[in-house]
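*Asks:* Could you look at this predicted model? Sequence included:
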Amino acid sequence: MKKSSILFSTVIAGSLGLSHAWAEPYADRLTGDWSGTRTELSDSGVEFFAYYNAIIASNVSGGIDRESNYAGDLFAGATFDFEKLLGWEATTFSLTGIERHGSDITPSVGSQYSTMQLVGGQNTFLYNVTLEKLFADGDFSLKLGRMTATDDFVGSSFYGYSLNNAVNGQIRAVLFDGVMTSYPFAIWGGRLKAKISEKSALQVGVFQLTHEMWDRENQGVDFSIDSEDGVSLFVQYDWTPEIAGKPARFYVGVNQTFSFEMDEFDSTDTTDEFTRYYAHADYQVFRESAHSDEGLSLFLTLAYTSQEEVAIIPLQSTLGAHYKGLLPGRPDDRTVFFMTYGQFSDDYSDALETSTGDDADYEMVFELGHRIQLTKYAYIQPDVQFIKNPGGTGKIDDAVVVGAQFGFSF
């Protein structure tokens with residue numbers, strides 16, 4: 001807790017001392033413009049960035065045991081505009097790294113979904129090492145290198161306000177099966193995005209699958225490609241229309257794997273191909289004034305696969321509500337609500353019953369939070385979660401988790 005107190009004090013001190021300078025270059029960064037050096041570097045084609053986020057959470061009721069914990073995530077790196085630096089038109093190189101620390105209270109809750117989304121791979125990692133090239137005035141974009149599927153697929157900006165990982169970053173059920181590569185575990189991959197119209201785009205991604213990709217001890221520097229590695233293919237269509245003058249987004253996609261063996265539940269058999277479908281819809285149902293982003297947006301997600309022999313959660317859906325500027329005089333604050341339902345597969349349940357005597361049915365997560373934007377570079381978000389039927393067995397009491405996430409950009 002001592003470390004979190006120091007960090008929070010730094011954020012508050014910065015917000016009091018620098019709030020008058022929001023109009024200055026890089027006012028959205030704690031360290032500002034570095035006396036003009038940052039602007040000079042950007043003009044020459046080099047952009048540095050860093051973001052720190054942390055969660056403090058406590059299981060105050062239900063679950064297996066009482067526990068409090070802290071976890072943090074530092075994401076830092078640089079982008080290089082090769083058009084400015086080398087004359088390579090519309091080409092960008094990215095180099096990033098991650099440092100994760102802290103522990104999770106989820107084992108004490110007993111839930112399938114992690115209550116602290118910053119936990120997973122607590123170590124230092126090399127992350128993005130990618131080259132991206134735009135073609136045809138930006139209508140086509142090709143990205144290659146060390147990356148993950150969650151950089152480009154199965155995501156939405158609305159998801160990032162959840163402290164529970166049921167939806168933070170991506171629709172979690174797509175990741176449970178181990179066939180979607182995810183932050184902070186980078187692998188070899190590529191993504192091609194094509195603009196179909198002003199309001200629609202199609203993207204295809206191909207990513208390496210290896211059983212070692214989740215090994216945090218590799219720290220993102222295992223660049224090997226082995227003969228037994230598989231392939232994860234993503235195809236996603238996005239449509240971003242305006243409906244009655246207010247923004248909406250719809251996407252549908254499919255994840256298909258090839259030549260990657262997955263152990264079947266309660267069996268010695270394996271499956272080497274897997275298919276998962278997913279979809280998302282959001283719409284700003286209420287706008288406080290014309291052309292304003294303040295107001296209420298709702299979103300709905302769905303993930304489904306019929307292959308219950310290898311999928312822990314074959315069916316998942318999240319309903320979310322996101323209000324920007326709910327409180328008078330606080331236009332940049334966010335009030336958020338999430339409700340997630342995850343259905344355990346029959347095959348997983350049968351395997352669990354064989355090993356423990358308990359079968360699994362479903363788990364639900366309800367979450368309510370309010371993000372206070374202290375400055376352009378700092379926020380804090382008090383949050384409460386209610387986990388119904390943790391682990392799906394009915395043997396663990398419903399749990400209440402209270403906590404807060406805070407963060408700032410450098």
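*Replies:* Nice, I can see it.

*Asks:* what helices or strands is the strand or helix carrying A279 leaning on?
*Replies:* A279 is part of strand 274-287 when elements are defined by DSSP states H and E. Contact partners of strand 274-287 among helices and strands, from 3 or more C-beta pairs under 8 Å, 6 or more residues apart in numbering; DSSP states H and E: helix 172-176, strand 246-258, strand 295-304. Yep, even glycine has a C-beta here, placed from its N, CA and C like the rest.

*Asks:* okay, and for the stretch 251-400 of the chain, where does confidence drop off?
*Replies:* Applying pLDDT under 70 to the stretch 251-400 of the chain flags no residue at all.

*Asks:* Tell me the first helix or strand C-terminal of the lengthiest strand in the chain.
*Replies:* In the chain, assigned by DSSP state E, the strand with the most residues is strand 46-63. Next helix or strand after strand 46-63 toward the C-terminus (DSSP H and E): strand 67-81.

*Asks:* Just want the angle from that next one to strand 46-63.
*Replies:* Angle between the axes of strand 67-81 and strand 46-63 is 160 degrees (criterion: axes from the mean of the first three to the mean of the last three C-alpha atoms, to 10 degrees).

*Asks:* what pLDDT, on average, does the helix or strand just after strand 67-81 get?
*Replies:* Per DSSP H and E, the first helix or strand lying C-terminal to strand 67-81 is helix 82-85. Averaged over helix 82-85, pLDDT sits at 98.

*Asks:* what's helix 82-85 in contact with?
*Replies:* 43-46, 88-93 (C-beta atoms under 8 Å, 6 or more residues apart in numbering).

*Asks:* Make a PyMOL selection of whichever of those residues turn out to be buried.
*Replies:* Restricted to buried positions by 16 or more other C-beta atoms under 10 Å, the PyMOL selection for the contacts of helix 82-85 reads:
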select buried, resi 45+91+92+93
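
*Asks:* Could you list which of the contacts of helix 82-85 belong to helices?
*Replies:* Among the contacts of helix 82-85, the members found in helices (DSSP state H) are 43-44.

*Asks:* Nearest to D282, out of the contacts of helix 82-85: which one, please.
*Replies:* T92 (27.7 Å; C-beta to C-beta).

*Asks:* Please name the nearest non-neighbouring residue to that closest one.
*Replies:* E132 (4.9 Å; C-beta to C-beta, 6 or more residues apart in numbering).

*Asks:* Following element in sequence after the helix or strand the one you found falls within, please.
*Replies:* Under the criterion of DSSP H and E, E132 resides in strand 124-135. With elements assigned by DSSP H and E, the helix or strand that comes after strand 124-135 is strand 140-147.

*Asks:* Show me the strands paired with that next one, marking each as parallel or antiparallel.
*Replies:* Sheet partners assigned to strand 140-147 using DSSP bridges are listed as strand 124-135 (antiparallel), strand 187-197 (antiparallel).

*Asks:* still on that earlier bit, what residues of the strand holding E132 count as buried?
*Replies:* Buried, per 16+ other C-beta under 10 Å, within strand 124-135: 125-130, 132, 134.

*Asks:* Equivalent analysis for stretch 182-198, please.
*Replies:* Those would be 182-189, 191, 193, 195, for stretch 182-198 by 16+ other C-beta under 10 Å.

*Asks:* Please compute how far it lies from its chain's middle.
*Replies:* Offset of stretch 182-198 from its chain centre (C-alpha atoms, centre = their mean, to the nearest Å): 14 Å.

*Asks:* And stretch 176-188, by the same measure?
*Replies:* Per C-alpha atoms, centre = their mean, the centroid offset for stretch 176-188 relative to its chain is 12 Å.

*Asks:* same check, this time on stretch 132-146
*Replies:* 22 Å.

*Asks:* which outside residues touch that stretch?
*Replies:* Against stretch 132-146 from outside (C-beta under 8 Å, 6+ apart): 88, 90-94, 126-131, 152, 186-195, 220, 223.

*Asks:* again with stretch 289-305
*Replies:* Taking C-beta under 8 Å, 6+ apart as the rule, stretch 289-305 contacts 156, 158, 167, 171, 173-174, 177, 245-246, 274-288, 311, 313-325, 331.

*Asks:* By neighbour count, sort out the buried ones in the residues you listed.
*Replies:* Of those, these count as buried by 16+ other C-beta under 10 Å: 156, 158, 167, 171, 173-174, 177, 246, 274, 276, 278-284, 287, 311, 313-318, 320-325.

*Asks:* so S306 sits in a strand?
*Replies:* No. Using DSSP: H, G, I helix; E, B strand; the rest coil, the assignment for S306 is coil, not a strand.
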